[in-house]
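> could you work out the structure for the sequence below:
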Amino acid sequence: MTHAAGALPPLADGAARGAAGAGVAAVAAEVLRLLAESDETLAVAESLTGGMVASELTAVPGASRSFRGSVTAYATELKHRVLGVDAGLLEAEGAVNAQVAEEMAAGVRRVMGASWGIATTGVAGPDPQDGQPVGTVFVSVSGPEGGKTARLWLNGSRTEIRRESARTVLELLSSQLRENARRQDTERNGGI
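Down below sits the predicted model:
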């Protein structure tokens, strides 16, 4: 698999894929711990991952403290109708696009009344979509002070692409949460 900066290397065999699953679970638990510590909440918008991110989050005991809910907007028109993604953007660029991911994350954050919103959109295969090859994925985080979006170029099976997308969006959020916590600690300590 090819990854965005900061992503972990792929795992190839069956046992390793099981470890990758545990990796997603560990990142989900870390995200929920960080959210709980800062008394913040999360909402998820998913396309290619089809509910996988929400499933990983809700598998963690106590998730209800921070997890507000999710929207699986697999059909393109739902990205507009439910999440508020610009219809002109979807028509012109298709659903596999960085701006679409950003608008999905911001939309689910707004719709669910959450502190943070995250989103996944892309092509898991077997065929290209919206002029994008299989393995093209965009993940996005929207938070109180802005957001961050990453493009991934993944290879592997449909399942591997979906799992890696779920893990990466949670890692992106975890990184943003840790950065915000460090910034708040610095501010509380007078800039030291």
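> you'd agree Ala45 is in a strand?
Yes: under DSSP: H, G, I helix; E, B strand; the rest coil, Ala45 falls within a strand.
> max-length helix in this protein?
Identified as the longest helix of the chain according to DSSP state H is helix 158-188.
> next, the buried residues of it.
Neighbour-count burial for helix 158-188 flags 160-174, 176-177, 180 (criterion: 16 or more other Cβ atoms under 10 Å). C-beta coordinates here come from the backbone N, C-alpha and C atoms, glycine included.
> what does stretch 49-62 give?
Neighbour-count burial for stretch 49-62, counted by 16+ other Cβ under 10 Å, picks out Thr49, Met52, Val53, Ala54, Ser55, Glu56, Leu57, Thr58, Val60.
> Throw those residues into CSV and include distance to Ala36, secondary structure and pLDDT, thanks.
Output for the buried residues of stretch 49-62, formatted as CSV (distance: Cβ to Cβ, whole Å; DSSP: H, G, I helix; E, B strand; the rest coil; pLDDT from 0 to 100):
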residue, distance to Ala36, secondary structure, pLDDT
Thr49, 23, coil, 98
Met52, 22, helix, 98
Val53, 18, helix, 98
Ala54, 17, helix, 98
Ser55, 19, helix, 98
Glu56, 16, helix, 98
Leu57, 12, helix, 98
Thr58, 14, helix, 98
Val60, 10, coil, 98
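> where do the strands of this protein begin and end?
With DSSP state E as the criterion, the chain has strands at 42-46, 67-72, 116-122, 136-143, 146-153.
> save the ones you listed as TSV, and put in mean pLDDT too.
Output for those, formatted as TSV (pLDDT from 0 to 100):
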stretch	mean pLDDT
strand 42-46	98
strand 67-72	98
strand 116-122	98
strand 136-143	98
strand 146-153	97
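> remind me what the longest helix of the chain packs against, helices and strands.
If contacts are counted by 3 or more Cβ pairs under 8 Å, 6 or more residues apart in numbering; DSSP states H and E, helix 158-188 sits against helix 14-37, helix 52-58, strand 116-122, strand 136-143, strand 146-153.
> the inter-axis angle of it versus strand 146-153?
In terms of direction (axes from the mean of the first three to the mean of the last three Cα atoms, to 10 degrees), helix 158-188 departs from strand 146-153 by 150 degrees.
> Phe138 bridge partners, please.
Counting by DSSP bridges, Phe138 is bridged to Thr121, Arg151.
> list the contacts for it?
Residues near Phe138 by Cβ atoms under 8 Å, 6 or more residues apart in numbering: Val96, Asn97, Ala98, Val100, Ala101, Thr120, Thr121, Gly122, Thr149, Ala150, Arg151, Leu152.
> for it, give its distance to Ala25.
Going from Phe138 to Ala25 by Cβ to Cβ, to the nearest Å gives 23 Å.
> and for Arg188?
32 Å.
> and the longest helix of the chain, how far out from the chain's middle?
How far helix 158-188 lies from its chain's middle: 9 Å, per Cα atoms, centre = their mean, to the nearest Å.
> so how far is Glu77 from Asp130?
For Asp130 relative to Glu77 (Cβ to Cβ), the value is 14 Å.
> that'll do, ta.
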